[in-house]
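**Student:** Quick one, structure for this:
(one chain, ligands or ions: 2)
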Amino acid sequence: MSNNTPNNQVPDDEFDLSIDSSIDLGLDEDALQDTTATSIAPMQFSRSGEEPTRDRIVILGRTRAGKTIYLSRLYEQCWRGNGAIHMETSSGKSHLALLNAVAEMGEQRRWPKATDSSTYLDFQLTWQGHAFTMVSLDYPGEVFRRAFVEQIEDANTAELIDHVQRAAGVVLLIDPKVLSSGKIGDAADDDYGMVQALRFIRGLPGGNSVPIGLVLTKIDINADLIRHHGGLRGFATKYCNNLIRVVPSITLFGTCAVRSRRDALGKDIPDLTKPARGLENPIVFCLRSIVANRTKTRNETVKRSQQEFIQREIKQDEEAETKDTHFWLWANVVLLVGLAVVGVLTWLVVRQFL
Ligand SMILES: Nc1nc2c(ncn2[C@@H]2O[C@H](COP(=O)(O)OP(=O)(O)OP(=O)(O)O)[C@@H](O)[C@H]2O)c(=O)[nH]1
Ligand SMILES: [Mg+2]
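**Tutor:** Residues are numbered from 1 along each chain as shown. Ligands and ions are numbered 1, 2, ... in the order given. Predicted coordinates:
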């Protein structure tokens, strides 16, 4: 691969991490047992004791991880395209905002501004004949740091925590460049902060079955870096080992939501003439697991109700049998008493004639 490529970008024909874009890291849990044996208590956020409804796929990422662009491009692709997933938001305002964000990148070659306040987005999602509602939160990445690194509880972090508690699936967005930059403060969000978030999720009731996808974003401009460390798996094993310790079954993806190129002034601008890569994969992964979890829960419920039905039948049979036994016992007693009375009366009558 050429080292002269401007902006560390990879020419089209070389940019094919797609074959590598969904790797289950599925490391051997036994091998990691020693390192995970010391259990560190998850962060304690105030929350109601009840198990919340798990109704959403949660996308988590530090500031500039690529959350807004990922969500808007994913939506645009799934709304317009004929891919595996179809998405439709219930709010016309959100629909326009998401499509406008993409149009602005395409027509005006402008990246969206950093998110300054949290916005909820509701989606109707269909995949392989299954319908889902998905709630997403596009939040300023700063809130992630305040919640999971600085552990500050305020209205914004409480909203994010509540959102995370409702996760049926989690997608972690990480910019590989930030993680490998060696800048302790920045990397702490993706390393320490993500570890706290994962522990928190795993520590919730039912949290162990929540699928977690780890997405390395912007693989168009980070392809060289990722290759240098041996591909997605090599990179993750080197820089995400703390996350893998907490969730050995974490599944790894690489995505490119919007390619970028240098303009005549050498400025980085979005380039929508080239396709996005791997956007749906992390969502399909979550959906597949959610469907499997639902099927498992449904089968368990059916099995439980069948067992309860059998138990009820056995109990009813036993009760009927006990009733029968009681009936015949009393019938025998009455019969014996009757015979005894007849015997006594007969004896009294016979005695009068003797
Ligand atoms: N080359 C490339 N750049 C990207 C991609 N996605 C995001 N970027 C760059 O990353 C920057 C941040 O992306 P956003 O989606 O705004 O990040 P965010 O996580 O929403 O950030 P906050 O709103 O600050 O929390 C963009 O301005 C782009 O420069 C991508 O797929 N490829
Ligand atoms: Mg944003």
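
**Student:** Just the strands from the stretch 51-200 of the chain, written as ranges.
**Tutor:** 56-61, 85-89, 119-127, 130-138, 167-174 (DSSP state E, counting those that start in this stretch).

**Student:** okay, these in JSON lines with distance to ligand 1, mean pLDDT and mean neighbour count next?
**Tutor:** Glycine gets a C-beta too; all of them are placed from N, C-alpha and C. What follows is the strands of the stretch 51-200 of the chain, written out as JSON lines (distance: least, C-beta to the nearest ligand atom, whole Å; pLDDT from 0 to 100; neighbours: other C-beta atoms under 10 Å):
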{"stretch": "strand 56-61", "distance to ligand 1": "5", "mean pLDDT": "91", "mean neighbour count": "26"}
{"stretch": "strand 85-89", "distance to ligand 1": "17", "mean pLDDT": "95", "mean neighbour count": "19"}
{"stretch": "strand 119-127", "distance to ligand 1": "11", "mean pLDDT": "91", "mean neighbour count": "18"}
{"stretch": "strand 130-138", "distance to ligand 1": "7", "mean pLDDT": "86", "mean neighbour count": "17"}
{"stretch": "strand 167-174", "distance to ligand 1": "7", "mean pLDDT": "94", "mean neighbour count": "25"}
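
**Student:** Pipe those into CSV and attach distance to ligand 2 per row.
**Tutor:** CSV is the format used below for the strands of the stretch 51-200 of the chain (distance: least, C-beta to the ion, whole Å):
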stretch, distance to ligand 2
strand 56-61, 9
strand 85-89, 17
strand 119-127, 9
strand 130-138, 6
strand 167-174, 10
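
**Student:** export these to a markdown table and tack on distance to Ala257?
**Tutor:** Converted to a markdown table, the strands of the stretch 51-200 of the chain look like this (distance: least, C-beta to C-beta, whole Å):
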| stretch | distance to Ala257 |
| --- | --- |
| strand 56-61 | 12 |
| strand 85-89 | 14 |
| strand 119-127 | 16 |
| strand 130-138 | 13 |
| strand 167-174 | 10 |
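
**Student:** Could you check how many residues crowd around Tyr192?
**Tutor:** By other C-beta atoms under 10 Å, the residues close to Tyr192 number 15.

**Student:** Next up, the contacts around the closest residue to it other than its chain neighbours.
**Tutor:** Leaving aside its sequence neighbours, Tyr192 sits nearest to Val149 (C-beta to C-beta, 6 or more residues apart in numbering; 5.9 Å). Listed by C-beta atoms under 8 Å, 6 or more residues apart in numbering, the contact set of Val149 reads Ala188, Asp189, Tyr192, Gly193, Gln196.

**Student:** Pull up the residues of the stretch 101-250 of the chain that are close to ligand 2.
**Tutor:** Thr115 (C-beta under 5 Å from the ion).

**Student:** All the helices of the stretch 101-250 of the chain, residue numbers only.
**Tutor:** Using DSSP state H, counting those that start in this stretch, the helices of the stretch 101-250 of the chain run over residues 141-148, 155-165, 176-180, 184-188, 194-203, 219-228, 231-239, 241-246.

**Student:** helices or strands up against the fourth one?
**Tutor:** The one in question is helix 184-188. Counting by 3 or more C-beta pairs under 8 Å, 6 or more residues apart in numbering; DSSP states H and E, the packing neighbours recorded for helix 184-188 are helix 176-180.

**Student:** make it 10 Å
**Tutor:** helix 141-148, helix 176-180 (3 or more C-beta pairs under 10 Å, 6 or more residues apart in numbering; DSSP states H and E).

**Student:** Dump the last one to CSV, restricted to CA.
**Tutor:** Output in CSV follows, covering the C-alpha atoms of helix 176-180 (Å, rounded to 0.1, in the frame of the first residue of the first chain):
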residue,chain,number,x,y,z
PRO,A,176,-9.1,4.0,16.5
LYS,A,177,-7.0,7.0,16.1
VAL,A,178,-8.0,8.5,19.4
LEU,A,179,-7.5,5.2,21.2
SER,A,180,-4.0,4.7,19.8
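
**Student:** mean confidence score for that helix?
**Tutor:** Helix 176-180 shows a mean pLDDT of 92.

**Student:** Is that helix in proximity to ligand 1?
**Tutor:** No - Helix 176-180 stays clear of ligand 1 (C-beta under 6 Å from any ligand atom), getting no nearer than 9.8 Å.
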